[in-house]
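Enquirer: I'll drop the sequence and a predicted model, then ask my questions.
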Amino acid sequence: MKKIVPFTKDLMFKTKIGEITSIALDNTLKLDNEVVSGEFIISGTYKLLEGSQIEEEFKYNIPVDITIDSKYDTTNCLVSIDDFSYEIINEEKLKVNISVMLDDLDIKEDPIETIEVSVSDDRDDSKNNDDKDIKDILNDIDTELSNLAIGSDNVAINNEITINNNQEEGTFEDEILENMSNEKEYSIYRVYTVKEDDTLDIIYDKFNTNKEILSDYNDLDNISVGSKIIIPSSDE
């Protein structure tokens with residue numbers, strides 16, 4: 001993945017600018033973790049008046065700091081100059097436009113939230129009602145996890161939730177499990193967050209499932225980036 005970062009800078013000259021006769025751009029940009037830092041070095045020659053035979057030299061060092069969003073993996077990222085142009089604004093001001101290209105950026109994998117729930121064998125003959133009950137339970141769990149992440153004793157980072165181990169007895173998970181039969185049969189339901197490059201076919205292949213199974217638990221016609229999909233797997 002490529003990202004273009006544009007820069008615009010006005011360079012003020014101490015004397016009049018009649019004509020730019022030469023100009024060059026160099027840089028000392030380096031990537032350290034998620035920050036690109038260094039300098040643009042702009043140098044060249046100019047004439048005070050158009051048609052003059054006398055040329056003057058100029059050189060400017062422009063500090064640069066680019067912070068890359070933490071959602072990107074910068075391990076293989078390459079930093080380079082994509083474009084450079086300039087324009088004389090008035091007799092003392094030169095405007096430069098510089099584009100920096102960040103190449104080979106990868107989006108970090110989102111962790112998959114896995115929740116184990118017990119499922120009773122004493123189900124009704126109506127499969128749709130059973131599926132609806134399971135979805136309601138998982139949605140309640142997801143809502144409670146989001147609420148817990150707001151408290152001062154809990155921290156939520158990149159969809160990973162850390163819960164204080166010193167919770168009082170009788171949590172929301174206990175209340176849910178108390179309302180379910182204590183049978184020996186268990187099923188795993190994964191709550192997966194849809195990423196930017198995901199398609200339904202990619203998700204089917206990734207979790208060894210298909211449209212018929214997922215449509216029983218999700219509204220596949222309204223899936224978008226950030227949506228959470230319930231993915232059932234075999235009993236354990």
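Expert: Cool, got the structure.
Enquirer: show me the contacts for residue 43.
Expert: 23-24, 26, 57-60 (C-beta atoms under 8 Å, 6 or more residues apart in numbering). For the C-beta atoms, the positions are set from N, CA and C on the backbone; glycine is no exception.
Enquirer: Return the members of those classed as buried.
Expert: Neighbour-count burial (16 or more other C-beta atoms under 10 Å) applied to these gives 23, 58, 60.
Enquirer: Note down every partner strand of the helix or strand harbouring the second one and its orientation.
Expert: The reference is to residue 58. Using DSSP states H and E, residue 58 falls within strand 56-67. Sheet pairing of strand 56-67 (DSSP bridges) gives strand 35-47 (antiparallel).
Enquirer: If you count neighbours, what's buried in the strand it pairs with?
Expert: Buried-residue list, strand 35-47, by 16+ other C-beta under 10 Å: 36, 38, 40, 42, 44, 46-47.
Enquirer: out of these, which one sits closest to residue 231?
Expert: Of all these, residue 36 has the smallest distance to residue 231: 37.5 Å, by C-beta to C-beta.
Enquirer: got a list of what the closest residue in space to that closest one that isn't next to it in sequence touches?
Expert: Spatial nearest neighbour of residue 36, chain neighbours left out: residue 66 (4.0 Å); criterion: C-beta to C-beta, 6 or more residues apart in numbering. Contact partners of residue 66, counting by C-beta under 8 Å, 6+ apart, are 5, 35-37, 100, 102.
Enquirer: Now flag whichever of those is closest to residue 11.
Expert: Each of these was checked against residue 11 using C-beta to C-beta; the closest is residue 100, at 17.8 Å.
Enquirer: neighbours of the closest one, just the number please.
Expert: The number of residues packed near residue 100 is 20, by other C-beta atoms under 10 Å.
Enquirer: what do you get for residue 73?
Expert: Count around residue 73 with other C-beta under 10 Å applied: 16.
Enquirer: which residues touch stretch 93-100?
Expert: The contact list for stretch 93-100, computed with C-beta under 8 Å, 6+ apart, reads 4-13, 17, 20, 25, 29, 36, 40, 42, 64, 66, 79-89.
Enquirer: ok, of those, which come out buried?
Expert: By 16+ other C-beta under 10 Å, those give 11, 13, 17, 25, 29, 36, 40, 42, 64, 66, 79, 86 as buried.
Enquirer: picking up where we left off before, just give me the least confident of the buried ones among the contacts of residue 43.
Expert: Across the buried ones among the contacts of residue 43, the smallest pLDDT goes to residue 58, namely 92.
Enquirer: which ones are touching it?
Expert: With contact set as C-beta under 8 Å, 6+ apart, residue 58 has these partners: 11, 13, 43-46.
Enquirer: same question, residue 225
Expert: Neighbouring residues of residue 225 by C-beta under 8 Å, 6+ apart: 194-196, 198.
Enquirer: please redo it, this time with the cut-off set to 7 Å
Expert: If a contact means C-beta atoms under 7 Å, 6 or more residues apart in numbering, then residue 225 has 194-196 as its contacts.
Enquirer: Residue 52 now?
Expert: Under the criterion of C-beta under 7 Å, 6+ apart, the neighbours of residue 52 are residue 18.
Enquirer: Check the secondary structure at it for me.
Expert: Under DSSP: H, G, I helix; E, B strand; the rest coil, residue 52 falls in the coil class.
Enquirer: What does residue 104 show for phi and psi?
Expert: phi 60, psi 40 (degrees, to the nearest 10).
Enquirer: That one is in contact with residue 75, isn't it?
Expert: No - judged on C-beta atoms under 7 Å, residue 104 makes no contact with residue 75 at a distance of 8.7 Å.
Enquirer: Domain-wise, how is the chain divided?
Expert: Here the domain assignment for the chain is 3-107, 113-235, based on automatic domain parsing.
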